[in-house]
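Novice: The following comprises the amino acid sequence and a computationally predicted model.
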Protein chains: 2
Amino acid sequence: MPRVLSETDVADFRDRLCEAAERLFAERGPDAVTMRQLAADLGVSPMTPYRYFEDKDDILAAVRVSAFNRFAEALEKARDSVSGARARGAAVGEAYVNFGLEHPHAYKLMFDSNQPHIEKYPELVAAGQRAQKTMTGYIEDAMAEGLVDGDALQIGLMNWAAIHGAVILELSGMLPPGGAHRICRGFDSALMRGALPRDRDAHRQV
Amino acid sequence: MPRVLSETDVADFRDRLCEAAERLFAERGPDAVTMRQLAADLGVSPMTPYRYFEDKDDILAAVRVSAFNRFAEALEKARDSVSGARARGAAVGEAYVNFGLEHPHAYKLMFDSNQPHIEKYPELVAAGQRAQKTMTGYIEDAMAEGLVDGDALQIGLMNWAAIHGAVILELSGMLPPGGAHRICRGFDSALMRGALPRDRDAHRQV
DNA sequence: TGCTTAAATTTACATCGTAAGTTTCAAGGG
DNA sequence: CCCTTGAAACTTACGATGTAAATTTAAGCA
């Protein structure tokens, strides 16, 4: 019987290729991420990656899964680092903005690359949802503590959308340094005040 | 002297090519927008567009300029259709979401396509700023009317970011039909309440 | 009518993703 | 031990792309 790749061999190669792809993307732009260049970086022939990935789109999906998982990890770490829904919201928001600004390429890979046929990559969907869960979940905590009132998921999505927008704006140079953090905090406090439970007509909101 | 293209000849060709590009993008996806296909659609040879555009990226920029201008026009029309800062905010927000949902391809061309070297296309930057101006400008009106308090640009950007996020979420199927409109309205009222001048906070109905 | 020259076409090339064919070489079986 | 086996890696090749360069076409003036 011939030599057979172990599962860790496959996983190792996939990891190394994803690293190379992200480095190429960050250092030399999206056009530099070619199958031939990736293969050259790993010291293999241009067709070898096809033993480990379906096609180039599959590589992009794997790189994005990796980025989403690191992102989710950062958010979860921030969430678990403090207690109390109010502090958690602030910590997660700050961690979100920090990640986006410190890893702009990973952030763009996650949210800026419009990958068609996402449904073909359940791992990617799962990794994305893992990140989303932390972004929207702490609103439920805030609601349980009576800090906000209304539809938890909707408020969470609003919050997420706004923070994402702020990060995108700062990454594209449309805000002064620190602008995203400031917007994020301002939005947070405004929304919190706006979504405060009120004695009479709170049910009407959102 | 040989035949020379008039300015309207050039403008006409550019317009026709942009229309073909947007139609191809909408009907057959981004990969179908090739120089050869564009030329075939216009009934010319594959190199002819190079007399009217610098390169393919220049075509994308022109298509985006066109989309941004139509978008800005829709926002401005909504803004001017009612009076009073409060109603204007709602009208612009609704027009924004409507445009995004009714012209998803134009919307994605504007905000989803990550075009490097934007600085090479001042018309594109200008068209983008024209749209942005309406999105952030009405906050200044609201402030002048004493409806909100704080940094107008910052509140405007927050608002923009949140609405954009809502549209993106609905376009990607993560919200139920009408979800973006609902989020937009909810966010609007929450932000307005949160950014109210504080002494009037208790009595203000939204 | 020819001449001039911008506009349009044709041809050609480097590079891309990847299908197909070929070679290499480690792990059993004799 | 050497031979066989077949997965893994490599080489080659193809069609498509963006576009540079060479070539052809045709409109306005002499």
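Specialist: Arrived safely. Since we're looking at a predicted model, the values are computed, not measured. Numbering: from 1, shown residues only, chains lettered A, B, ... in the order given.

Novice: so A:E170 makes contact with A:R182?
Specialist: No. A:E170 is not in contact with A:R182 according to Cβ atoms under 8 Å; the separation is 9.7 Å. The C-beta positions use only the backbone N, C-alpha and C, and glycine is treated the same way.

Novice: Give me the domain ranges for chain A.
Specialist: Following automatic domain parsing, chain A resolves into domains at A:1-53, A:64-198.

Novice: Tell me the gap between the first one and the middle of its chain.
Specialist: Averaged C-alpha coordinates place domain A:1-53 at 23 Å from its chain's average position (Cα atoms, centre = their mean, to the nearest Å).

Novice: Now for A:G178, how many residues are close by?
Specialist: Using other Cβ atoms under 10 Å in any protein chain shown, A:G178 is surrounded by 11 other residues.

Novice: And it, its phi and psi?
Specialist: phi 80, psi 0 (degrees, to the nearest 10).

Novice: Look up the pLDDT of it for me, please.
Specialist: Listed pLDDT for A:G178 reads 90.

Novice: can I get the domains of chain A in CSV with distance to B:A20?
Specialist: Output for these, formatted as CSV (distance: least, Cβ to Cβ, whole Å):
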stretch, distance to B:A20
domain A:1-53, 25
domain A:64-198, 21
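
Novice: before we move on, back to that, between A:E170 and A:R182, who's got more neighbours?
Specialist: A:E170 (24 against 18).

Novice: circling back to that earlier point, what do A:E170 and A:R182 both touch?
Specialist: Common contacts of A:E170 and A:R182 (Cβ atoms under 8 Å, 6 or more residues apart in numbering or on different chains): none found.

Novice: Point out the residues in chain A that sit beside DNA strand D.
Specialist: Within reach of DNA strand D by Cβ under 7 Å from any atom of the strand, chain A has these residues: A:1-5, A:39, A:44-48, A:51.

Novice: and those residues near DNA strand C, which?
Specialist: Answer for these near DNA strand C (Cβ under 7 Å from any atom of the strand): A:1-3, A:46-47.

Novice: Show me what counts as buried in whichever helix in chain A runs longest.
Specialist: Using DSSP state H, we find that the single longest helix of chain A is helix A:56-81. Neighbour counts over helix A:56-81 (16 or more other Cβ atoms under 10 Å in any protein chain shown) mark A:58-72, A:74-76, A:78-79 as buried.

Novice: now stretch A:19-39
Specialist: So, applying 16+ other Cβ under 10 Å, buried residues of stretch A:19-39: A:20-22, A:24-25, A:33, A:35, A:37-39.

Novice: Secondary structure, pLDDT and distance to A:M192 for these - can I get that in CSV?
Specialist: As requested, the buried residues of stretch A:19-39 are arranged in CSV below (DSSP: H, G, I helix; E, B strand; the rest coil; pLDDT from 0 to 100; distance: Cβ to Cβ, whole Å):
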residue, secondary structure, pLDDT, distance to A:M192
A:A20, helix, 98, 43
A:A21, helix, 98, 40
A:E22, helix, 98, 36
A:L24, helix, 98, 42
A:F25, helix, 97, 37
A:V33, coil, 98, 41
A:M35, helix, 98, 49
A:Q37, helix, 98, 48
A:L38, helix, 98, 46
A:A39, helix, 98, 51
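
Novice: What ranges in chain A fall below the confidence cut-off?
Specialist: Counting by pLDDT under 70, the ranges of chain A that qualify are A:1, A:191, A:194-206.

Novice: Give me the helices and strands touching the helix or strand encompassing A:C18, please.
Specialist: Under the criterion of DSSP states H and E, A:C18 resides in helix A:7-28. For helix A:7-28, the contact count by 3 or more Cβ pairs under 8 Å, 6 or more residues apart in numbering or on different chains; DSSP states H and E identifies helix A:35-42, helix A:56-81, helix A:104-111 as packing neighbours.

Novice: from the chain's centre, how far out does the one helix or strand A:D141 maps to sit?
Specialist: Here A:D141 sits within helix A:122-144, counting by DSSP H and E. Counting by Cα atoms, centre = their mean, helix A:122-144 is centred 11 Å from the centre of its parent chain.

Novice: One more: stretch A:136-145?
Specialist: 20 Å.

Novice: where's the closest residue to A:K108 other than its chain neighbours relative to DNA strand D, distance?
Specialist: Nearest residue to A:K108, sequence neighbours excluded (Cβ to Cβ, 6 or more residues apart in numbering or on different chains): B:N114, at 6.9 Å. The spacing between B:N114 and DNA strand D, counted by Cβ to the nearest atom of the strand, to the nearest Å, is 17 Å.

Novice: thought B:N114 was touching A:L109?
Specialist: No. Using Cβ under 8 Å, B:N114 makes no contact with A:L109, being 10.5 Å away.

Novice: who's more crowded, the two?
Specialist: Neighbours per residue (other Cβ under 10 Å) separate B:N114 from A:L109, with A:L109 holding more: 22 against 12.

Novice: Quick one: residues contacting that one.
Specialist: A:22, A:25, A:60, A:63-64, A:67.

Novice: Identify the residue nearest A:F68 in space, chain neighbours excluded?
Specialist: In space, and not counting its chain neighbours, A:F68 is closest to A:A127: 3.6 Å by Cβ to Cβ, 6+ apart.

Novice: How about A:Y107?
Specialist: A:G100 (4.5 Å).

Novice: what helix or strand does the one you found sit in?
Specialist: Assigned by DSSP H and E, A:G100 falls in helix A:85-102.

Novice: Can you dump the C-alpha atoms of that helix in CSV for me?
Specialist: What follows is helix A:85-102, C-alpha atoms only, in CSV (Å, rounded to 0.1, in the frame of the first residue of the first chain):
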residue,chain,number,x,y,z
ALA,A,85,-24.5,43.3,31.2
ARG,A,86,-23.6,46.9,31.0
ALA,A,87,-19.9,46.4,31.3
ARG,A,88,-20.0,43.4,29.0
GLY,A,89,-21.6,45.4,26.3
ALA,A,90,-18.9,48.1,26.5
ALA,A,91,-16.2,45.4,26.6
VAL,A,92,-17.5,43.5,23.6
GLY,A,93,-17.9,46.7,21.6
GLU,A,94,-14.4,47.8,22.4
ALA,A,95,-13.0,44.4,21.5
TYR,A,96,-14.9,44.4,18.3
VAL,A,97,-13.5,47.8,17.2
ASN,A,98,-10.0,46.8,18.4
PHE,A,99,-10.0,43.7,16.3
GLY,A,100,-11.2,45.5,13.3
LEU,A,101,-8.5,48.2,13.6
GLU,A,102,-5.7,45.9,14.6
